[in-house]
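>>> quick one, structure for this:
(one chain, ligands or ions: 2)
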Amino acid sequence: MGTTTVVDPLRISVIGTGYLGATHAVCMAELGFEVIGVDVDPGKIKRLTAGEVPFFEPGLEELLRKNLESGRLSFTTSLADAASAADVHFVCVGTPQHPESNSADMRYVDAAVSGLIAGGLRPGSLVVGKSTVPAGTAARLAAWLSEQAPGVELAWNPEFLREGFAVDDTLRPDRLVFGVAPGGNAEATLHRVYASVIAAGTPVVTVDYPTAELVKVAANAFLATKISFINAMAEVCEVTGADVTHLSKAISYDTRIGGRFLHAGLGFGGGCLPKDIRAFQARATELGAGQAVAFLAEVDAINLRRRTRTVTLATEALGGDVTGKKVAVLGAAFKPNSDDIRDSPALAVADTLRKAGATVAVYDPAAIPNAQRAYPEIIYADNAVDAATGAHIVLHLTEWTEFRELAPNALTAVVAARTIIDGRNTLNPAQWRAAGWTYHALGRP
Ligand SMILES: NC(=O)c1ccc[n+]([C@@H]2O[C@H](COP(=O)([O-])OP(=O)(O)OC[C@H]3O[C@@H](n4cnc5c(N)ncnc54)[C@H](O)[C@@H]3O)[C@@H](O)[C@H]2O)c1
Ligand SMILES: O=c1ccn([C@@H]2O[C@H](COP(=O)(O)OP(=O)(O)O[C@H]3O[C@H](CO)[C@@H](O)[C@H](O)[C@H]3O)[C@@H](O)[C@H]2O)c(=O)[nH]1
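Ligands and ions are numbered 1, 2, ... in the order given. Now for the predicted structure:
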């Protein structure tokens, strides 16, 4: 697909420049559009304007700088500037889990739309929701816009990018989903925005609003279910002496099952899967279809049990009491190639052990600054060897390549005891055992 060659008079704004929005703004500029990115966080806007991506995302900073230099991309804290400057407004603000109800907290989406309306949306412009929202949101926002900003249309275009692969997933997505109301120009406008992506062969599924909203949560519910399925098998492997890594490999050869998202271990975290399956249940329950997705409560429970199991394994390996013991944790991000620590399984385990009385030292190649802000009581190390120095146990909890490539002998001399728990099933048990280590894993003898 050719990039930076599209000449189109459409001007684009992107509201919210977090993991999703910053990537989307940069990639829209890369496609050749004039783009203005907006965020309420002045620190984020300052860094983006200076050509610095405020989070870890491979490949994004080069594209940011290139497009800032081209003059196509700019950032502001003024929603009014974006409202009046652009023809297409992508809403990419957060929809975090509501602390009490588990439902999606819609205050940021509502504030973004309200700010766009107050800022003076032009008739004929299009507001496009990308945030993950409960079914019914688009219809509600469309009604609000038709009352407060006549002539402005709304579409829902859910996003499926994965952190760590965000640029590629945005420029070369598996599919595009356009949720539109009948009879308007929204579908045609979205085809103009994504013309070069579509020309490269990306399938487009055009649907109504509730289907577009549901496609997103259904996709994440399926992925979460697949991970919890294999982790449920890991639980059974633990009581039968079977090996879940071999089980997973064997079933993955059935192409109806496939091997992706079938990796057993400490389970899923992050800013999407956990909150999305909870919000989906909350919304389905409100609509009277709670029973249809009741299994997602079990998906969630299986996932959280992996964290408890890891804490139990560590406690048992430490003789039943962690008080005064030193624990080294390799990994803080919710997954490798990310500095995102939202609902990080690694940090949840680390903090539980700390609260139980252990001294916990964590090392992660990218996520330490974020982890430090969220869990200031944990000790942070500059590298794996420093984290492991004096440790009675080493926990491998985020599968960075750096940890897979770590030679056991790099740690042997510094630890107080040679015990490792491989919470991600990516280390080589034979190699660690040959170096004199006691190796434990999740779902694997
Ligand atoms: N992170 C992902 O990989 C991903 C992928 C697909 C979908 N999503 C969905 O996209 C949405 C955003 O997720 P994220 O991970 O980028 O969140 P994030 O917290 O990284 O970013 C949200 C941004 O919105 C800004 N914001 C909040 N209110 C605002 C307002 N009124 N005006 C302007 N900016 C405002 C915040 O300051 C923040 O920078 C969520 O609904 C999420 O579920 C995320
Ligand atoms: O076999 C697997 C695969 C993943 N994980 C874990 O699952 C979590 C989520 O991983 P991943 O899906 O790669 O991360 P996200 O960047 O959160 O992406 C998910 O959430 C996004 C936000 O909705 C969607 O856009 C993406 O399509 C969807 O994959 C991480 O903690 C992984 O460690 C496993 O435990 N086993």
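
>>> from here on, contacts and neighbour counts on C-alpha atoms
Fine.

>>> whichever strand or helix holds I227 and ligand 1, are they touching?
Using DSSP states H and E, I227 falls within helix 209-240. No. Counting by C-alpha under 6 Å from any ligand atom, ligand 1 has no neighbours in helix 209-240; the shortest distance is 8.3 Å.

>>> need the three-state assignment for V14.
strand (DSSP: H, G, I helix; E, B strand; the rest coil).

>>> tell me the residues of the stretch 51-200 of the chain that contact ligand 1?
92-95, 108, 111-112, 131-132, 159-163.

>>> tell me the buried residues within these.
C92, V93, G94, T95, Y108, A112, S131, T132, E159, F160, L161, E163 (16 or more other C-alpha atoms under 10 Å).

>>> looks to me like the third one is in a strand.
The one in question is G94. No. Secondary structure of G94 (three-state DSSP): coil, not part of a strand.

>>> mind listing the strands for the stretch 201-350 of the chain?
204-207, 326-330 (DSSP state E, counting those that start in this stretch).

>>> residue numbers of the stretch 301-445 of the chain in contact with ligand 2?
So the stretch 301-445 of the chain meets ligand 2 at F334, K335 (C-alpha under 6 Å from any ligand atom).

>>> now the residue in the stretch 251-400 of the chain positioned nearest to ligand 2, nearest residue through space, not along the chain?
The stretch 251-400 of the chain approaches ligand 2 most closely through F261 (3.1 Å), counting by C-alpha to the nearest ligand atom. Nearest residue to F261, sequence neighbours excluded (C-alpha to C-alpha, 6 or more residues apart in numbering): I227, at 5.7 Å.

>>> any chance of the buried ones among the residues of the stretch 51-200 of the chain next to ligand 1 in a markdown table, plus distance to D41 and pLDDT?
Shown next, in a markdown table, are those (distance: C-alpha to C-alpha, whole Å; pLDDT from 0 to 100):
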| residue | distance to D41 | pLDDT |
| --- | --- | --- |
| C92 | 14 | 98 |
| V93 | 11 | 98 |
| G94 | 13 | 98 |
| T95 | 16 | 98 |
| Y108 | 13 | 98 |
| A112 | 13 | 98 |
| S131 | 18 | 98 |
| T132 | 20 | 98 |
| E159 | 22 | 98 |
| F160 | 24 | 98 |
| L161 | 23 | 98 |
| E163 | 21 | 95 |
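
>>> farthest-separated two in those?
A112 and E163 (23.2 Å; C-alpha to C-alpha).

>>> looking at the stretch 1-150 of the chain, which residue is nearest ligand 2?
T132 (7.0 Å).

>>> how far is the one helix or strand R354 maps to from where the chain is centred?
According to DSSP H and E, R354 maps onto helix 345-355. Chain-centre distance of helix 345-355: 20 Å, with C-alpha atoms, centre = their mean, to the nearest Å.

>>> tell me the angle it makes with strand 326-330.
170 degrees (axes from the mean of the first three to the mean of the last three C-alpha atoms, to 10 degrees).

>>> buried sites along helix 345-355?
So for helix 345-355, counting by 16+ other C-alpha under 10 Å, buried means P345, A346, L347, A348, V349, A350, D351, L353, R354.

>>> scan the helices and strands of the protein for the one with the lowest mean pLDDT.
Between all helices and strands in the chain, the lowest mean by mean pLDDT, DSSP states H and E belongs to helix 79-85, at a mean of 92.

>>> so which elements touch that one?
Helices and strands touching helix 79-85, by 3 or more C-alpha pairs under 8 Å, 6 or more residues apart in numbering; DSSP states H and E, are strand 11-15, strand 34-38, helix 107-119.

>>> format those as TSV; extra columns: distance to A22.
Shown next, in TSV, are the helices and strands packed on helix 79-85 (distance: least, C-alpha to C-alpha, whole Å):
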stretch	distance to A22
strand 11-15	8
strand 34-38	7
helix 107-119	16
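
>>> same list (those) but as TSV, adding distance to ligand 2.
Converted to TSV, the helices and strands packed on helix 79-85 look like this (distance: least, C-alpha to the nearest ligand atom, whole Å):
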stretch	distance to ligand 2
strand 11-15	17
strand 34-38	20
helix 107-119	16
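
>>> which among the buried residues of helix 345-355 gets closest to I257?
P345 (25.5 Å).

>>> next to ligand 1, which bits of the stretch 251-400 of the chain? Give me the list.
Listed as neighbours of ligand 1 in the stretch 251-400 of the chain under the rule C-alpha under 6 Å from any ligand atom: G271, C272.

>>> which residue ranges form the helices in the stretch 251-400 of the chain?
Using DSSP state H, counting those that start in this stretch, the helices found in the stretch 251-400 of the chain span residues 273-286, 295-317, 345-355, 368-374, 384-388.

>>> not counting residues beside it along the chain, what's closest to L154?
Closest to L154 by C-alpha to C-alpha, 6+ apart is V127, at 4.8 Å.

>>> ok, the one you found - contacts?
V88, H89, F90, V91, V152, E153, L154, A155 (C-alpha atoms under 8 Å, 6 or more residues apart in numbering).

>>> for the buried residues of helix 345-355, give me TSV that also has pLDDT.
What follows is these, written out as TSV (pLDDT from 0 to 100):
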residue	pLDDT
P345	98
A346	98
L347	98
A348	98
V349	98
A350	98
D351	98
L353	98
R354	98
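
>>> export those residues to TSV and tack on distance to T77?
Conversion of those to TSV gives the following (distance: C-alpha to C-alpha, whole Å):
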residue	distance to T77
P345	33
A346	34
L347	32
A348	34
V349	37
A350	36
D351	35
L353	41
R354	39
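
>>> pull the most distant pair out of the residues you listed.
Going by C-alpha to C-alpha, the pair spanning those furthest: P345 and R354, at 14.3 Å.

>>> okay, T4: pLDDT?
Predicted confidence (pLDDT) for T4: 40.

>>> cool, and A181?
The per-residue pLDDT reported for A181 equals 98.

>>> list the buried ones in stretch 212-226?
Those would be 212-217, 220-226, for stretch 212-226 by 16+ other C-alpha under 10 Å.

>>> same check, this time on stretch 44-51
Quick answer for stretch 44-51 (16+ other C-alpha under 10 Å): K44, I45, L48, T49, G51.

>>> now swap in stretch 404-419 and tell me
P408, L411, T412, V414, V415, A416, A417, R418, T419.

>>> which of those residues lies closest to V40?
L411 (44.5 Å).

>>> ok, now how distant is the closest one from ligand 2?
Here L411 is placed at a distance of 24 Å from ligand 2 (C-alpha to the nearest ligand atom, to the nearest Å).

>>> do I have it right that T359 meets K326?
Yes. Under the contact definition of C-alpha atoms under 8 Å, T359 touches K326, with a separation of 4.8 Å.

>>> ok, those two, which is more surrounded?
K326 (26 against 21; other C-alpha atoms under 10 Å).

>>> okay then, goodbye and thanks.
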